[in-house]
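In: model this:
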Amino acid sequence: MTIADASFSQEDEKQILDSVTAWLEKEVRPVTKKYEQADEYPFDLVEQMKELGLFGLTIPAEYGGMGLPATTYVKIVTAIAEVFMSIGGIVNSHLMLGTLIFRFGTLAQKEYFLPKLAMGELRGALCLTEPDAGTDLQGIKTHARRDGDGYVLNGSKMWITNGMYGSLYAVLTKTDLSAKPAHKGMTMFLAERGDGFTVDRKLKKLGYRSVESVGLSFNDFRIPAERILGGVEGQGFQHAVGGLELGRINVAARGVGLANAALKDSIRYSQQRKTFGKPICEHQAIALKLGEMATRVEAARLLTNSAAEKYVRGERCDLEAGMAKLFASETALYCSQEAMRIHGGYGYSAEFDIERYYRDAPLMCIGEGTNEIQRIVIAKNLIKMYPA
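Out: Purely as a prediction, here's the structure:
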């Protein structure tokens, strides 16, 4: 069941996507409702994801990963989200951490961590958000003080995907509480579990079930100085911001996948359901909804692909990733609601997937930076591009 390394030709990409799609239809779709409705972590699916190489999708081949470009990655994420959006989140946080290590880590950090991440031996989590600090990362309170040849971390993190079942954590801290501006005193650590590390609780959520979101605490948690990402204090904020590009592209791809699933289900249902002697797809009110949904899905897909293409070229893509994340997540929200309207009472039933789409979609308007922040990011980039 292992996918071979790809050389990124269209044929190789097709084979990879066909393999992932076959796995999704055979192994994932039949158990999605079971896991999602019970909010149960899908241990067996995660093991299959390891075998498929999904934990190494974007990690370079030299470190044991598949080294896929973001343009292929978004197609895989979209396919996953069409079937079970939650497991796409397990991959997202993990690969964001892998990206941080590859882009900013020391050679020793890359050689030690990346092969383990690629194989799924270690599974990654990104620890940025806190109970009182989400969008405003400079407002975090978790801090690390120097103590001999290491540091002592204290603080708490919130809404951490992979927090309960992960094993490697990128923890954003403050190492200089007096730094002005605050971001100059922020440092990212690569932490494995140990004394002083506690999973406080699993958070119950409207949607995005099966994948855990937890609160974490660090109480006099000791970590060696060589576990500073990149080996230098004071660069944590830049690391966090740099890692969000791929995360926002992932969220955009998940939005496309969920929106497309809602559209496909609506098309099928509207052809089967009859009122007043004909399929409801022949009623103008339903046709108008389908046409709008399809147009938004395609626009979201194109924006996501554009961001991925710029990411592949190694260019900063804050603008494109922000646009893609904003539009695709809003499209997922729109299409899930319209799908529920088309399905009527059945859309409100747990027997159909529509109510799950409706619960999952709002997350993507919040995660990896709220859509309000995305609009600000877009505007700031536009002002830089077109100065007065």
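In: give me the secondary structure label for the residue lying closest to residue 196 once chain neighbours are set aside.
Out: Distance criterion CB to CB, 6 or more residues apart in numbering; nearest residue to residue 196, sequence neighbours excluded, is residue 221 at 3.5 Å. C-beta coordinates here come from the backbone N, C-alpha and C atoms, glycine included. Following DSSP: H, G, I helix; E, B strand; the rest coil, we place residue 221 in the strand state.
In: what segments of the stretch 101-250 of the chain are strands?
Out: Along the stretch 101-250 of the chain, the segments classed as strands by DSSP state E, counting those that start in this stretch run 124-127, 143-147, 150-161, 168-174, 186-192, 197-202, 213-224.
In: next, format the ones you listed as TSV and append mean pLDDT and mean neighbour count.
Out: Shown next, in TSV, are those (pLDDT from 0 to 100; neighbours: other CB atoms under 10 Å):
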stretch	mean pLDDT	mean neighbour count
strand 124-127	96	28
strand 143-147	97	16
strand 150-161	97	20
strand 168-174	98	24
strand 186-192	98	23
strand 197-202	95	14
strand 213-224	97	19
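In: okay if I get these as JSON lines plus distance to residue 348?
Out: Formatted as JSON lines, these follow (distance: least, CB to CB, whole Å):
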{"stretch": "strand 124-127", "distance to residue 348": "34"}
{"stretch": "strand 143-147", "distance to residue 348": "47"}
{"stretch": "strand 150-161", "distance to residue 348": "28"}
{"stretch": "strand 168-174", "distance to residue 348": "39"}
{"stretch": "strand 186-192", "distance to residue 348": "43"}
{"stretch": "strand 197-202", "distance to residue 348": "27"}
{"stretch": "strand 213-224", "distance to residue 348": "25"}
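In: out of those, nearest to residue 81?
Out: strand 150-161 (14.6 Å; CB to CB).
In: what's the angle from that closest one to strand 213-224?
Out: 160 degrees (axes from the mean of the first three to the mean of the last three CA atoms, to 10 degrees).
In: relative to strand 168-174, how tilted is strand 150-161?
Out: 110 degrees.
In: roughly how far is strand 150-161 from the heart of the chain?
Out: Put simply, strand 150-161 sits 20 Å off its chain's centre (CA atoms, centre = their mean, to the nearest Å).
In: packing partners for the helix ranked longest in the chain?
Out: Scanning the chain for the longest helix, with DSSP state H as the assignment, gives helix 236-272. Packed against helix 236-272, as judged by 3 or more CB pairs under 8 Å, 6 or more residues apart in numbering; DSSP states H and E, are the following elements: helix 70-104, strand 168-174, strand 186-192, strand 278-279, helix 284-312, helix 318-343, helix 354-366.
In: now render those as JSON lines, adding distance to residue 209.
Out: Shown next, in JSON lines, are the helices and strands packed on helix 236-272 (distance: least, CB to CB, whole Å):
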{"stretch": "helix 70-104", "distance to residue 209": "6"}
{"stretch": "strand 168-174", "distance to residue 209": "22"}
{"stretch": "strand 186-192", "distance to residue 209": "26"}
{"stretch": "strand 278-279", "distance to residue 209": "33"}
{"stretch": "helix 284-312", "distance to residue 209": "23"}
{"stretch": "helix 318-343", "distance to residue 209": "15"}
{"stretch": "helix 354-366", "distance to residue 209": "8"}
